[in-house]
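>>> Based on what follows, work out the 3D shape:
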Amino acid sequence: MTVLLRVEHVTKRFGGLVAVKDVSFDLHEGEILGLIGPNGAGKTTLFNCINGVYTPEEGQIFFQGQDITGWKPYDVARFGMARTHQIVRPLADLTVRENVMVGAAFGAQNMDLVRAAAVADEVLAFLGLADRADMLAGSLNVAQKKRLELARALAAQPKLLLLDEVLAGLNPAEVAEMVETVKAIRSRGITIIMIEHVMHAIMNVSDRIIVLDFGQLIAEGTPQQIANHPKVIEAYLGDPKLAERLMSGE
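Presented below is the predicted three-dimensional model:
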């Protein structure tokens, strides 16, 4: 399998706080990789290192065979990586379509406005937001804003998509719909890393899972291996009987 992303010994500090410590992993093309861990474990900080918001003090990040350590986020986006954010912040005074056009215009293919509008409409149809294209983004509800955030990232035509808690704040029916959407995105040939706390969802959508605790990678493996991993149970899951329930979607 082709390695699309390689993270090697990445460490990020904020003063005396080590937020990410010596983290290494590979991500293969076509995978959905889950990233889990307690609050404050360093998950979003690791995302920020990968897509250029932060430059790690130590280690390297390779994407499509290129060392992108220290690149700016806009350069990383042009190179084929997009992300969503845990707290959605749409451009509230622009329409839904215009928000998605921003992603297309500043993404991997540097689209002009005519093409960006066409791509925006295709992505909005794919994500079930076509009927809201001309509405102001600020008028959407939470679930719709989550889909808008995802649409803006997809319009950038990424090879790699970083999803930061796209299921947070959704009801069970919306979670199930979003899980199917994530699978459909992967079927389009897009590789995915997703941070998530909705455990039954991440366990059932991921090919592999990595676990952070206090900034360190403490486990890596299949969902079944992670659900039964002693360190993960101790640091995060808290219940050795969770494995069967998580894997069955309870």
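
>>> after the longest helix along the chain, next one along is what?
Ranked by residue count, the top helix of the chain under DSSP state H comes out as helix 172-187. The first helix or strand that comes after helix 172-187 along the chain, using DSSP states H and E, is strand 191-195.

>>> Now do that next one against helix 172-187, angle only.
Inter-element angle recorded for strand 191-195 and helix 172-187: 150 degrees (by axes from the mean of the first three to the mean of the last three C-alpha atoms, to 10 degrees).

>>> If you count contacts, what does the longest helix of the chain end up packed against?
Judged by 3 or more C-beta pairs under 8 Å, 6 or more residues apart in numbering; DSSP states H and E, helix 172-187 is in contact with strand 32-36, helix 142-154, strand 191-195, helix 199-205. From N, CA and C alone the C-beta is placed, and that goes for glycine too.

>>> in it, what's buried?
174-175, 178-179, 181-182, 185-186 (16 or more other C-beta atoms under 10 Å).

>>> Nearest to Ala133, out of the helices and strands packed on helix 172-187?
For Ala133, the closest of those is helix 142-154, at 10.0 Å, according to C-beta to C-beta.

>>> between that closest one and helix 172-187, how big is the angle?
Helix 142-154 and helix 172-187 are oriented at 10 degrees to each other (the same axes, to 10 degrees).

>>> on that earlier part again, ok, the buried residues of helix 172-187 vs Lys43, which is closest?
After measuring the buried residues of helix 172-187 against Lys43 - C-beta to C-beta - the closest member comes out as Val182, at 16.9 Å.

>>> Do I have it right that that closest one meets Thr191?
No. Look at Val182 against Thr191 with C-beta atoms under 8 Å: they stay out of range, at 11.7 Å.

>>> Find the residues that touch each one of the two.
Both Val182 and Thr191 are contacted by Ile32, under the criterion C-beta atoms under 8 Å, 6 or more residues apart in numbering.

>>> Please list all residues in contact with the most centrally placed residue in the chain.
For the chain, the residue nearest the mean C-alpha position is Leu163 (1.7 Å; C-alpha atoms, centre = their mean). Contacts here follow C-beta under 8 Å, 6+ apart; on that basis Leu163 touches 83-84, 150, 182, 192-196.

>>> in what helix or strand does it lie?
strand 160-164.

>>> who does that strand pair up with?
Using DSSP bridges, the strands paired with strand 160-164 are strand 81-83 (parallel), strand 191-195 (parallel).

>>> So what's the gap between the longest one and the chain middle?
Between the mean C-alpha location of strand 191-195 and the chain-wide mean there is a distance of 4 Å, by C-alpha atoms, centre = their mean, to the nearest Å.

>>> same question, stretch 190-210
Taking the mean of its C-alpha atoms, stretch 190-210 sits 9 Å from the chain's own mean (C-alpha atoms, centre = their mean).

>>> tell me the mean pLDDT for it?
Here stretch 190-210 scores 94 as its mean pLDDT.

>>> In that stretch, which residues are buried?
Of all the residues in stretch 190-210, those buried under the rule 16+ other C-beta under 10 Å are 190-196, 198-203, 205-206, 208-210.

>>> now the end-to-end length of it.
Start-to-end span of stretch 190-210 (C-alpha to C-alpha, to the nearest Å) is 19 Å.

>>> which residues sit in contact with Gly107?
77-78, 82, 155-158.
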